[in-house]
Structures are given as structure tokens and as C-alpha cells.
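A.B. asks: Take a look and give me a structure for this.
(chains A and B)
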Protein chains: 2
Amino acid sequence: MAETSIRFGILGCAGIAWKVSRAITFSPNSTLYAVGSRSLDKAEKFAADNGFPPTAKFYDSYEAVHDDPEVDAVYVPLPTSLHVKWAVLAAEKKKHLLLEKPVSLNVAEFDQIIEACEANGVQFMDGTMWMHHPRTAKMKEFLSDSQCFGQLETIHSIFTFSGDEDFLKNDIRVKPDLDGLGALGDLGWYCIRAILWAVDYELPKTVTSLRGAILNEAGVILACGSSLQWEDGKTVTFHCSFLSNLTMDLTLVGTKGTVHVHDFVNPCDEKTSLFSTASKTGFTDFATGWDPLPSKSVVATDLLPQDACMVKEVSRLVESIKEGGSKPESMWPSISRKTQLVLDAVKESIEKGFEPVQVGG
Amino acid sequence: MAETSIRFGILGCAGIAWKVSRAITFSPNSTLYAVGSRSLDKAEKFAADNGFPPTAKFYDSYEAVHDDPEVDAVYVPLPTSLHVKWAVLAAEKKKHLLLEKPVSLNVAEFDQIIEACEANGVQFMDGTMWMHHPRTAKMKEFLSDSQCFGQLETIHSIFTFSGDEDFLKNDIRVKPDLDGLGALGDLGWYCIRAILWAVDYELPKTVTSLRGAILNEAGVILACGSSLQWEDGKTVTFHCSFLSNLTMDLTLVGTKGTVHVHDFVNPCDEKTSLFSTASKTGFTDFATGWDPLPSKSVVATDLLPQDACMVKEVSRLVESIKEGGSKPESMWPSISRKTQLVLDAVKESIEKGFEPVQVGG
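C.D. replies: Okay, here's the model as predicted:
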């Protein structure tokens, strides 16, 4: 363990926690240090199963992780309804926060988390891994190239997977008291984040959800879509669902260029990922084909998968605060909040019978 | 010229007419026989430029084409506002009809065309070429496979191209008195047809256009999008625009499968076209990738490009009527009418401030 390694404590043993544990192990500036569960046996087993070093601690409560003075940062993969409580408590114990998405049930809850982080000078980052993939930066380069891509005109994003009978009955993501935002929080979060990322985080003016949203008996969203409108007239759409085959599309169309990526949240291959670009596309002389043809870009991630890139980045920020006296980077909580604001508007539009809703209004 | 070759007359010398002339030449059961223009010189030049045989006729009016008893079928690439007049006159002269899309300015006009065709026993087909591409049949096979694709859950289609300054000022497709449906008629037509094709031509119940449609000063649509809702709750979306880089997407997501095609209207390569399918997609054991991976299907069209397949099919139907006493195939006018009904509803929804509109209601 390097001198500057950031020590992580993990709250709970959720499914996603094993993935982030692996990422903490891979990242060169972080260490798996502690795990807390309501059951000591579960915590011990989780530590053993997930490559925690022999010196790691396991605790029978989340509080105990917060109370361990050696823990620099906590990763919180708890159900969304528990985020506000445990994230605020962590911040109050001066723990930096890596919080799973969706960050909260609504922006009012999230504001309590941000306030606690600000009052205690701790870094906040949400667990949206693809933001940290080097492909994402490469795509942004293309989008920012006014000669190749021009001005962004429209976006469509899809994130769906097919939940089986057990998932649709028992998973925490279909339970109103646990992850009450359902597919919107679990999948739509990524679509909304991708859309905001593409427009440099300028919030849309209004959100109009699409008729046909599917809710379960308890009122949790299983599938929905929405259109987002900006001040300049730009309209984009997304669709998310627990009821369709695994699909992860992000399509960006500009005045001069087009980008397609079909696995934007989790690449098909952890080590080599693709996206497709086209620029100033026209037809061949006799319209028997396209000229120029779209081209594929390949981005290698041999050294560090996207989840480890995320851990490395939050650890770097925490290190700067601990060692160098830097302030927390405000960009990360700011984009989490904007994502939550749009998500709230999508939900409100569904509740209001698909009427347009002002974002943050 | 084979005994059974269907003789085509062409009304006008529009840009698209050269492409269909080439297709008539390629198709084994059709012949370029005549072309009419308001200018005899233009007609003669068109015939010379487009490989008309030496025996072909050129006329200084459209009526003269209708009056030539040797002409079996007419291809009508005139501006949409002229369709009803010239299509009805053609039918009354017992000419079979290949009519460019959009077929008319609204369904009331189109019904006059259908009535004239029915009264005179002539075949009707619109000029939607991709319907006849063998790739289209291959994709339909996948969509119809309940094991691989399951039940259709959502569709998104995009057709855009970037019109230059001259196009946006002078092209007939931005003129209210010529092609008054603008991008909706020129491009949205294809998206709507693709959506109807995917759902086996079951009409949506309602159409709700998306806020943010862009109209020019004369009120012609330059860009718009819409969502379509079916009785069973399924919602699909499309976007069309004259203001964005050339993009032709059709994305179909089912309970068990996904289909992507990025050049559905005009393949990137006339001879070899692709589409991508995925079925029962999941993650690898440690979620480091997808399993199974999506796969590409390749469809060769070495022998006949899609436009020639279209001409071959309409010629086959005309031949059956001429030689075998068959009745006209009603599927073609029926799907043109359904496409027009949805298109009318999209336009009406825009005009009503993006309110939901009943289709055909």
C-alpha cells in the first residue's frame, strides 16, 4: 500500500459492491480497508470473497465503518431510500463519499447530502462509471469539434434490460420503499446523464414524458420514456425499461456529424471498446452508397477498466484534499444534482399525465 | 425487351427520376418506354442521359404519356401537391402507378387516388425502395422469431440530412405549394413506414408530436419528432430533419432481442448491406463484458439493388394483371394509406400545440 493510498470502507454487501471492491483493488491509489454489514458473518464473508487484504476490518454495523478513523472514504451501495441517512452521517464523520446512483429519491433529499458534504469539506462523487471511461473523453473530443460534428441537434438514448420473473417480483429496484424510482432511477439515470454530458450540463427547460409508461402495482416505474426540450429548441428523447432485451444506445446527431455507441454504460468488452462516427456524410455520385463512410474508433482500456478509473479519480481528489489542502471538486455533486433534477421532472411529468414540467421549477 | 416487359412512362425529369430510370433498366421485367416534360428539349435530354432505348418516346406534356397506349405504367416523381391530379388522370387512362412518396398532402387526397386506381383496376405502389431490399425481409424474419426477438417493446427511428443554404431556400421540399410536408413528408415518411412495417401495419391509437418542431417562415416542417402509442401501451419515437448530418437509424427492441440498422433507407453500400442483432443479451460472469455479443448479418444484393427490386415487384404485379387477369395487390395502397394517416396525425399534433391526436379519428 502506497503512502498516499485512500482507504475505502464499504457500507453493505450489495451486488454492485463486489464490482466496486474489485475496482478499488485495481486502482493504484486506493485500498479496500473495511466493510460493514448488519451481519458480521456477511461482512466477513464479503471481505474474504472480494480480495480484501488480511489487515482489513469487518464490522457489524455501518456506524462502525463511519467511526473507524482510518477510513478515508465510504462507498455506499445501499438502496436509494437509505442514501440520505447514511450519506449525511458519513459526511458528518468527515468521510469522503462515493455514492451509488440514483443518488437519492428526489433533489430535496440530495440537497441534504450536498449540504453535509460542503459543511464537512468532503468530496462527493456518484457511481456513474462510464463517465470515467477513456472512450467517453474521446467521444467528447469529437462532439466538441465544430468542423466534424457541428452543433448538436438531437440525441436518443436507450437503456433496457430484461428482468426475469424473480427480478420483477423481488428485486429492490421494483420496491417502492427501497429503490422507488424503479427503471427510471436504475437505467434512465444513465440516459439522462449521457444527455446532460453531451450538452455540457446545460439543463433542459422542460421535460415531457411519453405516454405509455409502465408502472407495477406498487406504482414503481418498470418502463418509461421522455422528451427533453432546451431553450434553443433542441429536443432529445430517451427510453428505459426493465422489460426489454439488454440495450445501451447513445446516438448523437449534429449539423455535421453523427455518433453511435451501443454499449455506453458497460462496454461489450472491458478491454477494447468502440464507437462509430460519421462526418459530413453524403452520397456517392450515383447515390449507390454513402461517402464518406462512417468509421469506427477503438479505445483500449487494457490497464484500467472504467470502474477502476472512477475509483482512481475520486481517490486522487480525496488525496488532494487530505495532503494538499485542496477544496472538494464541485463538478461531481453539481452534475449529480442536475441529473436528479431532470429525473425528478420526468417522474413528475408521468404523475401529471404526461404534461410538460419545468426543470427545477 | 422480353415479351412480358412492362413499359414505363415517366412524368417529369425530377432528380429522383434518373435513379428510378436506372432501376427500370436493371429490372428484368420492365422497359423505359417514354418520358414527358413540359419542355420537349428537357424530355429528349433526359431520355438521352438516362439510357432510354432508341425506340423510346419523349413528349412535351404529361398527358401525352397518359395517351400513349403502349405505356403500361407511369412513374410519378412530381412535387407532392401535383400527385392527386396526375395520379388520378393516369389511373383513368388505365395506367398502373408507381408514385413517389409522400403519396399526397393528406389522406383525403390519397383516397381520390386509391378510388381512381380501384375504379380502373390498376396497380398502385409507392416509391419506398427499402421495403423491397432483401435485408428488409431478413430483418423481418428476426423480428418474427418469438424465441430470438420476443415481443416488440420499442422502436426509435431517425432520418436526417443536412440541407445546404440553397436547399433550405430553393428546394421544392421547403416550398408550401410544392412539397408542403417538408421533412416530415420527405424523411419522416420513411421512419413512419419502418415503424408500421415493424408492427405488422397495426395503426397506433394516438400520436403525440414532440415539442421543438422547427418550421420555416412559410410554415413548412424542417425538423420534427413524434411519439406513437398503441392500444397495448407500446410507445415508439422518431425524429426527422433537414438540419442534421445524414443519419438513417432504425432501432428495434423486443423482450428478448435487439436490432440495429444505420442505413435503413439507402444502404451505405449498394451491393452489401448489414444489420446487427442481439438476442437474450446478458453479462459475462464478472460483468466484464456482454454475453452473447451482438452479431452482424450481411445481405448481398449483387444482382439487383433495392430500387430495381421495387420496379421488378411492381412490374410482376402489373404483368399478372395484364396477362393473367389477376386483381391489383391491395397491400401496397393499404400501407401507403396507413403511412399517410400517421403522417397526417403527426402534422395535426404539431398544429395543435403537441397535443395527442387520434390516428384516423
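A.B. asks: Flag every residue of the stretch 251-361 of chain A that's near chain B.
C.D. replies: A:251, A:253-258, A:260, A:262-263, A:266-270, A:276, A:278-283, A:286-290, A:293-294, A:305, A:354, A:356 (CB under 8 Å from any CB of the partner chain). Glycine gets a C-beta too; all of them are placed from N, C-alpha and C.
A.B. asks: Just the buried residues of the residues you listed.
C.D. replies: Burial by neighbour count, 16 or more other CB atoms under 10 Å in any protein chain shown: within those this picks out A:251, A:253-258, A:260, A:262-263, A:266-268, A:270, A:278-281, A:287-290, A:294, A:305, A:354, A:356.
A.B. asks: hang on, the earlier thing: quick one: which of the residues of the stretch 251-361 of chain A next to chain B sit in strands?
C.D. replies: Using DSSP state E, the members of those that fall in strands are A:251, A:253, A:254, A:257, A:258, A:260, A:276, A:278, A:279, A:282, A:283, A:290.
A.B. asks: Which strand residues bridge the fourth one?
C.D. replies: Residue A:257 has these beta-bridge partners by DSSP bridges: residue A:279.
A.B. asks: shouldn't it be in contact with residue A:149?
C.D. replies: Yes: the pair residue A:257 / residue A:149 is scored as a contact, 3.6 Å apart, by CB atoms under 8 Å.
A.B. asks: mind listing what's buried in stretch A:158-167?
C.D. replies: Buried positions in stretch A:158-167, judged by neighbour count with 16+ other CB under 10 Å: A:158, A:159, A:160, A:161, A:162, A:163.
A.B. asks: tell me what the helix or strand harbouring residue A:41 is packed against?
C.D. replies: For residue A:41, the enclosing helix or strand under DSSP states H and E is helix A:40-49. Helix A:40-49 is packed against helix A:15-26, strand A:30-36, strand A:57-59, with contacts defined by 3 or more CB pairs under 8 Å, 6 or more residues apart in numbering or on different chains; DSSP states H and E.
A.B. asks: average pLDDT across that helix?
C.D. replies: The pLDDT scores in helix A:40-49 average 92.
A.B. asks: ok, so what distance separates residue A:338 from chain B?
C.D. replies: Residue A:338 sits 20 Å away from chain B, taking CB to the nearest CB, to the nearest Å as the criterion.
A.B. asks: Contacts only, for the spatially most central residue of chain A.
C.D. replies: Nearest residue to the geometric centre of chain A (CA atoms, centre = their mean): residue A:128, 2.3 Å. The neighbourhood of residue A:128, defined by CB atoms under 8 Å, 6 or more residues apart in numbering or on different chains, consists of A:101, A:189, A:190, A:193, A:310.
A.B. asks: that older thread, also near chain B: which of the buried residues of stretch A:158-167, exactly?
C.D. replies: By CB under 8 Å from any CB, the members of those lying near chain B are A:158, A:160, A:162.
A.B. asks: Torsion angles phi and psi at the last one?
C.D. replies: Here the main-chain torsion angles of residue A:162 (degrees, to the nearest 10) amount to phi -100, psi 100.
A.B. asks: wait, it sits on residue B:256?
C.D. replies: Yes: counting by CB under 8 Å, residue A:162 does reach residue B:256; the two are 6.8 Å apart.
A.B. asks: so what sits against both of these two?
C.D. replies: Any residue near both residue A:162 and residue B:256 by CB under 8 Å, 6+ apart counts here, and that gives A:245, B:280.
A.B. asks: Would you mind listing what in the stretch 1-150 of chain A touches chain B?
C.D. replies: Taking CB under 8 Å from any CB as the criterion, the neighbours of chain B within the stretch 1-150 of chain A are A:19, A:22, A:150.
A.B. asks: now the residues you listed: which count as buried?
C.D. replies: Buried by 16+ other CB under 10 Å: A:19, A:22, A:150, out of the residues of the stretch 1-150 of chain A next to chain B.
A.B. asks: what's the spacing between the first one and residue A:302?
C.D. replies: Taken as CB to CB, to the nearest Å, the spacing of residue A:19 relative to residue A:302 amounts to 19 Å.
A.B. asks: What residues does the residue lying farthest from the centre of chain A make contact with?
C.D. replies: Within chain A, the residue lying farthest from the chain centre (CA atoms, centre = their mean) is residue A:286, at 45.4 Å. Shown in contact with residue A:286 (CB under 8 Å, 6+ apart): B:19, B:22.
A.B. asks: Try it again at 7 Å.
C.D. replies: By CB atoms under 7 Å, 6 or more residues apart in numbering or on different chains, the contact list for residue A:286 is empty.
A.B. asks: how's chain A carved up into domains?
C.D. replies: According to automatic domain parsing, chain A is divided into the following domains: A:6-130, A:132-305+A:340-358.
A.B. asks: is it possible to export those domains to JSON lines including distance to residue B:343?
C.D. replies: Putting the domains of chain A into JSON lines (distance: least, CB to CB, whole Å) gives the following:
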{"stretch": "domain A:6-130", "distance to residue B:343": "37"}
{"stretch": "domain A:132-305+A:340-358", "distance to residue B:343": "19"}
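A.B. asks: any idea which of the ones in strands among the residues of the stretch 251-361 of chain A next to chain B is closest to residue B:45?
C.D. replies: Using CB to CB, residue A:283 is the member of these that lies nearest residue B:45, at 22.6 Å.
A.B. asks: The closest one contacts residue A:290, correct?
C.D. replies: Yes: if you go by CB atoms under 7 Å, residue A:283 and residue A:290 touch, sitting 6.2 Å apart.
A.B. asks: quick one on the thing from earlier: which of the helices and strands packed on helix A:40-49 sits closest to residue A:119?
C.D. replies: strand A:30-36 (23.2 Å).
A.B. asks: so what strands line up beside the closest one?
C.D. replies: Here, using DSSP bridges, strand A:30-36 pairs with strand A:6-11 (parallel), strand A:57-59 (parallel).
A.B. asks: among these, which is the most enclosed?
C.D. replies: Burial of these is given as mean neighbour count (mean count of other CB atoms under 10 Å in any protein chain shown); strand A:6-11 ranks first at a mean of 27.
A.B. asks: Now it - C-alpha only, PDB.
C.D. replies: Output of strand A:6-11 as PDB, limited to C-alpha atoms (Å, rounded to 0.1, in the frame of the first residue of the first chain):
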ATOM      1  CA  ILE A   6      -7.000   6.200   0.000                       C
ATOM      2  CA  ARG A   7      -8.700   3.700   2.400                       C
ATOM      3  CA  PHE A   8     -12.200   2.800   1.500                       C
ATOM      4  CA  GLY A   9     -15.000   1.500   3.700                       C
ATOM      5  CA  ILE A  10     -18.000  -0.200   2.100                       C
ATOM      6  CA  LEU A  11     -21.500   0.100   3.600                       C
END
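A.B. asks: as a whole number, average confidence for stretch A:65-82?
C.D. replies: When pLDDT is averaged over stretch A:65-82, the result is 97.
A.B. asks: Buried residues, that stretch. List them.
C.D. replies: By neighbour count on 16+ other CB under 10 Å, the buried set for stretch A:65-82 is A:65-66, A:68, A:71-81.
A.B. asks: Check stretch A:44-52 too.
C.D. replies: Buried residues in stretch A:44-52, counted by 16+ other CB under 10 Å: A:44, A:46, A:47, A:50, A:52.
A.B. asks: just the CA coordinates of that stretch, formatted as PDB?
C.D. replies: What follows is stretch A:44-52, C-alpha atoms only, in PDB (Å, rounded to 0.1, in the frame of the first residue of the first chain):
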ATOM      1  CA  GLU A  44     -16.500 -11.300   7.000                       C
ATOM      2  CA  LYS A  45     -17.600 -13.400   4.100                       C
ATOM      3  CA  PHE A  46     -17.800 -10.400   1.800                       C
ATOM      4  CA  ALA A  47     -14.200  -9.400   2.700                       C
ATOM      5  CA  ALA A  48     -13.000 -12.900   2.100                       C
ATOM      6  CA  ASP A  49     -14.800 -13.200  -1.200                       C
ATOM      7  CA  ASN A  50     -13.700  -9.900  -2.500                       C
ATOM      8  CA  GLY A  51      -9.900  -9.900  -2.000                       C
ATOM      9  CA  PHE A  52      -9.800  -7.600   1.000                       C
END
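A.B. asks: Thanks a lot, catch you later.
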